[in-house]
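> turn this into a structure:
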Amino acid sequence: MSKSIVFYEGEKDYKYSKIVDSLNIDYVPIKYSHFIKYLLKKIFKPLGKNIFFHVRYIKWRGYFFTIPIYILILTLCKLKKIKITWTCHNIWEHQFQSRLQNLLIRHLIYFASDHVIVMHSDLIHNLPLYKKEKIIVANFGDFREFFESQNDINKHFKEKYEKWLGYNNINYPDIVYISTAKINKLQYLITFLEKRTILNGLIIAPKINITVKTRNIFLYTDDMVKGEIKTILKKGDPVAYISHNNISVPTSIYMYASYGIPILGYNIKPISSIINEYKIGLLFDGKTDLGEKIKIIKENYKYYRENALKFINLNNWEKSILAHKKIWKEN
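Okay, the predicted model is just below:
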């Protein structure tokens, strides 16, 4: 009985390492251009029955290198009876120039896929009605191991951050935002903190074009921060701010929950569903008094912390592995 072979583009990051390393499959990285060449060379040759093509992230590379490439790959996969798995992380991807482009590619890949993996059931409602039975719900897991293993120190960040703590005479910030998301409601937090200077906020948002006006906010957009994250998340009793606006399951929910940090999340599904179901924090929208929400979380910090740790124990990598195994198991 042959192993399943799963081709994918990119690198096997921590998330997929936790999922695929325990499965009896060959998880093979390959560029789309190389995958097309591979398929064309095999066009008249038989392939094994346990071969899969995994679309992990939908990417926009311009009109010529996006729509035609996806159509070609998906068509060749169908001709060679290669099963297509698409993991839907975001309904609205970060890299697309317009939502129409995003919508067209998402529908194309959905219809071509044999299986679709979503990281929360709420995402199903934003996908086509066609063949809902091919959708499988999975999840992320505990990220603490990942962050504890990060040892690369960003000296520029560390120096500036420590100076900022000293200037404000604090040991840790009241509010923490750590994310690379381009589609977000981050400005709402910044505007709030600029008015409520009694609170301090740490914002790590690499490559985001945004500015702050007050010294109670430490904004770092220059580069990635890795080794310092574990120290930040283990210190004190901060409130995490999640403001994704792209209808997604932010991995930051799992990152904060791994450290028992309560969340103040933007009121959009599936963020709102996760926070409400597991009671790991509170929600906000464009009319919310963030100060009142933060006060409630701080006064009930132990309650939210315990719920966050329960959430991460229930939604673990083992549960996600079982979901993926249903698709890529040996036949």
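> what is the burial count for Ser248?
25 (other CB atoms under 10 Å). In short, each C-beta sits where N, CA and C put it, glycine included.
> show the average pLDDT along the helix or strand hosting Glu277.
For Glu277, the host element (DSSP states H and E) is helix 271-278. Average pLDDT, helix 271-278: 98.
> and the very next helix or strand once past it, what does it pack onto?
As assigned by DSSP H and E, the chain's next helix or strand after helix 271-278 is strand 281-284. Here strand 281-284 touches strand 263-266, helix 271-278, helix 290-299, going by 3 or more CB pairs under 8 Å, 6 or more residues apart in numbering; DSSP states H and E.
> circling back to that earlier point, may I see the buried residues of the helix holding Glu277?
271, 274-275, 278 (16 or more other CB atoms under 10 Å).
> for it, packing partners?
strand 263-266, strand 281-284, helix 301-314.
> these: which one's closest to Phe65?
strand 263-266 (32.6 Å; CB to CB).
> what lines up beside that closest one in the sheet?
strand 239-242 (parallel), strand 281-284 (parallel) (DSSP bridges).
> what's the most buried one of these?
strand 239-242 (a mean of 27; mean count of other CB atoms under 10 Å).
> residue ranges of the strands in the stretch 1-150 of the chain, please?
4-8, 25-29, 51-55, 83-88, 115-118, 135-137 (DSSP state E, counting those that start in this stretch).
> hmm, who's touching the first one?
What it means is strand 4-8. 16, 20, 23-30, 35, 48, 50-56, 85, 328-331 (CB atoms under 8 Å, 6 or more residues apart in numbering).
> now with 7 Å?
Contacts with strand 4-8, where a contact means CB atoms under 7 Å, 6 or more residues apart in numbering, come from 25-30, 35, 48, 50-54, 56, 328, 330.
> where do the helices sit along this protein?
14-20, 32-41, 63-79, 99-112, 144-148, 155-168, 186-195, 229-234, 251-258, 271-278, 290-299, 301-314, 317-328 (DSSP state H).
> quick revisit: format the strands of the stretch 1-150 of the chain as TSV; extra columns: mean pLDDT and mean neighbour count.
Converted to TSV, these look like this (pLDDT from 0 to 100; neighbours: other CB atoms under 10 Å):
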stretch	mean pLDDT	mean neighbour count
strand 4-8	95	20
strand 25-29	95	16
strand 51-55	96	22
strand 83-88	97	22
strand 115-118	98	22
strand 135-137	97	17
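> now the helix holding Glu277 against helix 251-258, angle please.
For helix 271-278 against helix 251-258, the angle by axes from the mean of the first three to the mean of the last three CA atoms, to 10 degrees is 20 degrees.
> got the angle for helix 271-278 vs helix 301-314?
100 degrees.
> quick check: Lys319 touching Phe140?
No - with contact defined as CB atoms under 7 Å, Lys319 does not reach Phe140; the gap is 9.9 Å.
> which of those two has more neighbours?
Phe140 (26 against 14).
> quick one, what contacts that one?
15, 119, 251, 254, 320.
> check what pLDDT Thr214 gets.
For Thr214, the predicted pLDDT is 97.
> repeat that for Glu330.
With respect to pLDDT, Glu330 has a value of 56.
> circling back: tell me the most buried of the helices of the chain?
Highest mean neighbour count among these (mean count of other CB under 10 Å): helix 251-258, a mean of 24.
> one step back: mind putting the helices and strands packed on strand 281-284 into TSV with distance to Arg99?
As requested, the helices and strands packed on strand 281-284 are exported to TSV (distance: least, CB to CB, whole Å):
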stretch	distance to Arg99
strand 263-266	18
helix 271-278	19
helix 290-299	28
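> sweet, I'm off.
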